[in-house]
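**Student:** Predicted model, plus sequence, below.
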Amino acid sequence: PNQVVEQPLNGFDVELSTKIPFIESKETWGHLGFYKYGIGDDIVLNGARLRGETQVNNWLRLGFESSYDNVRKGNHFFDVRIRIPLQKNLSKKRKSLKHSIHRYMQEPLVRDIDIVATNKSLKEAFALSGGEKERYFFVDNTAAPGGNGGPNNPFNNLGDAEAAQKRNSTIVVRLGDGTTNNQDGGINLTKRNIRLLGTGIDINTRQGVLVESETKHPSITNTGGDAVEISARGVEVAGVSIETPLTDGIYTSGERDAVIHNNIITNSGNNGINTSFTSNINRSVTIYDNSITGSAFRGINIQAFNGADVTATLINNTSTGNTQEAIRYEVGPADSSLNVTSTNNTAHSSGGSSGLFIISSGSSDLILNSNGDTANNNTADGILALLGGTGDHRVTISNATGNANGQTGISVDVQDSTVVIADLNNTNTTGN
């Protein structure tokens, strides 16, 4: 808000000019032009312009302009140009603008087509979408087939968006008809720094809000596998409702710097969010403000195996009513490490296991900083840390709540010769 942004458009314009022959005493010209501009392949502005000008004398010039296009509609104005000569004793030839370079210096340049984008549709139409820095592809399952992904000609299915994705681009999924129609084949994000953003959230460019959030999240699924697969570095997934995918709601294996937030994930055939890191390169994932319910396995599953060095940050997620653990952090068995910051997450009502479950094995290391997590009404434990193997473990659980669970409220169970530094403070456990 309160920003002025200039955005160049792609296209062309042409203008035809002629001197008006029947006004002999004045130098009078008429100009007729046409223009066509847009973003990338999505042409959004077509118009025509008529203008005229007359040189009344050496110091007075009059003109008018009238234009019309499909975006700005009609624009009309008159102009007056007055030239005040400050030099004396000029020759008659130099005084004549008709035969002097001064005439061309006074000639007005007409090149700009200014469009003020103050509403949602125009902000979408003139968003950055060309080049390496930012490009936007739009998906609307109510659109006609054969779209090019532009804001006025969106794809009508996720498959076309997957095929068109580019590095540093954004796929914007509109609400459409609110169903998974044409959006039930999942999507694999394979380009670095790509964003999959549904209009369940405000969508921002570097200049500000591009698309304001709609009444609900657009719905996607995959009847044959994972709804969203992250296969590149720096991917962001947000603002979508993932409903009843065959396997995971969101899955990534081996990619780093993933950000997953503000999604609604229901009734996944496996896990709601599944991150399984198995390579020996540093990895990170940030997961916040998601709602996961009804998964056949786990709500959120974070795993570091086979030498992976993983940093995971989870904040304000709600995971309830899943068959197994609401949230699971696992590291091991071979020389891996997992560093977890877990803050204000809700892990309730797991059907056959614990709410928040932490497990380690082998020679792997674990650092857990849990602050404000809540795990109530689970069939087994509220929060259970099951620590084994020979690795180093530093576990801090603060301001946590584990009430009305089938077994313990909060428990740290040390096995084998594990080296553990554990700190539990200000915890609340009742009715277990």
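**Tutor:** That came through, no problem. Numbers count the residues shown, from 1 in each chain.

**Student:** can you pull out the strands in the stretch 301-432 of the chain?
**Tutor:** In the stretch 301-432 of the chain, the segments counted as strands under DSSP state E, counting those that start in this stretch are 309-315, 318-320, 327-331, 337-343, 346-348, 356-360, 365-371, 383-387, 392-398, 410-414, 419-425.

**Student:** JSON lines for those strands, including distance to Ile265 and mean pLDDT?
**Tutor:** For the C-beta atoms, the positions are set from N, CA and C on the backbone; glycine is no exception. Formatted as JSON lines, the strands of the stretch 301-432 of the chain follow (distance: least, CB to CB, whole Å; pLDDT from 0 to 100):
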{"stretch": "strand 309-315", "distance to Ile265": "14", "mean pLDDT": "96"}
{"stretch": "strand 318-320", "distance to Ile265": "9", "mean pLDDT": "97"}
{"stretch": "strand 327-331", "distance to Ile265": "13", "mean pLDDT": "96"}
{"stretch": "strand 337-343", "distance to Ile265": "18", "mean pLDDT": "96"}
{"stretch": "strand 346-348", "distance to Ile265": "14", "mean pLDDT": "96"}
{"stretch": "strand 356-360", "distance to Ile265": "18", "mean pLDDT": "95"}
{"stretch": "strand 365-371", "distance to Ile265": "22", "mean pLDDT": "95"}
{"stretch": "strand 383-387", "distance to Ile265": "22", "mean pLDDT": "94"}
{"stretch": "strand 392-398", "distance to Ile265": "26", "mean pLDDT": "93"}
{"stretch": "strand 410-414", "distance to Ile265": "26", "mean pLDDT": "91"}
{"stretch": "strand 419-425", "distance to Ile265": "30", "mean pLDDT": "84"}
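
**Student:** so which of the ones you listed gets nearest Thr247?
**Tutor:** Set against Thr247 and scored by CB to CB, these come closest in strand 327-331, at 16.4 Å.

**Student:** and the angle from the closest one to strand 383-387?
**Tutor:** Inter-element angle recorded for strand 327-331 and strand 383-387: 10 degrees (by axes from the mean of the first three to the mean of the last three CA atoms, to 10 degrees).

**Student:** Strand 327-331 - which strands sit beside it in the sheet, and in what orientation?
**Tutor:** According to DSSP bridges, strand 327-331 has the following sheet partners: strand 300-304 (parallel), strand 356-360 (parallel).

**Student:** Name the SS class of Gly147, please.
**Tutor:** Three-state secondary structure (criterion: DSSP: H, G, I helix; E, B strand; the rest coil) places Gly147 in coil.

**Student:** give the contact list for it.
**Tutor:** Counting by CB atoms under 8 Å, 6 or more residues apart in numbering, Gly147 touches 153-156, 160.

**Student:** Could you list which of these belong to strands?
**Tutor:** Judged by DSSP state E, the contacts of Gly147 include no members of strands.

**Student:** Tell me which two in the residues you listed are the farthest apart.
**Tutor:** Using CB to CB, the two most remote members of the contacts of Gly147 are Asn153 and Asp160, lying 11.4 Å apart.

**Student:** roughly how far apart are the nearest residue to Pro145 once chain neighbours are set aside and Gly150?
**Tutor:** Nearest residue to Pro145, sequence neighbours excluded (CB to CB, 6 or more residues apart in numbering): Asn156, at 5.7 Å. Applying CB to CB, to the nearest Å, the value for Asn156 to Gly150 is 13 Å.

**Student:** Asp289 too?
**Tutor:** In this view, Asp289 and Gly150 are 30 Å apart by CB to CB.

**Student:** More neighbours: these two, which one.
**Tutor:** Neighbours per residue (other CB atoms under 10 Å) separate Asp289 from Gly150, with Gly150 holding more: 22 against 14.

**Student:** That one is in contact with Phe138, isn't it?
**Tutor:** Yes: between Gly150 and Phe138 there is a contact at 6.7 Å, judged by CB atoms under 8 Å.

**Student:** got a list of what Phe297 touches?
**Tutor:** Contact analysis of Phe297 by CB under 8 Å, 6+ apart lists 268, 270-271, 322-324.
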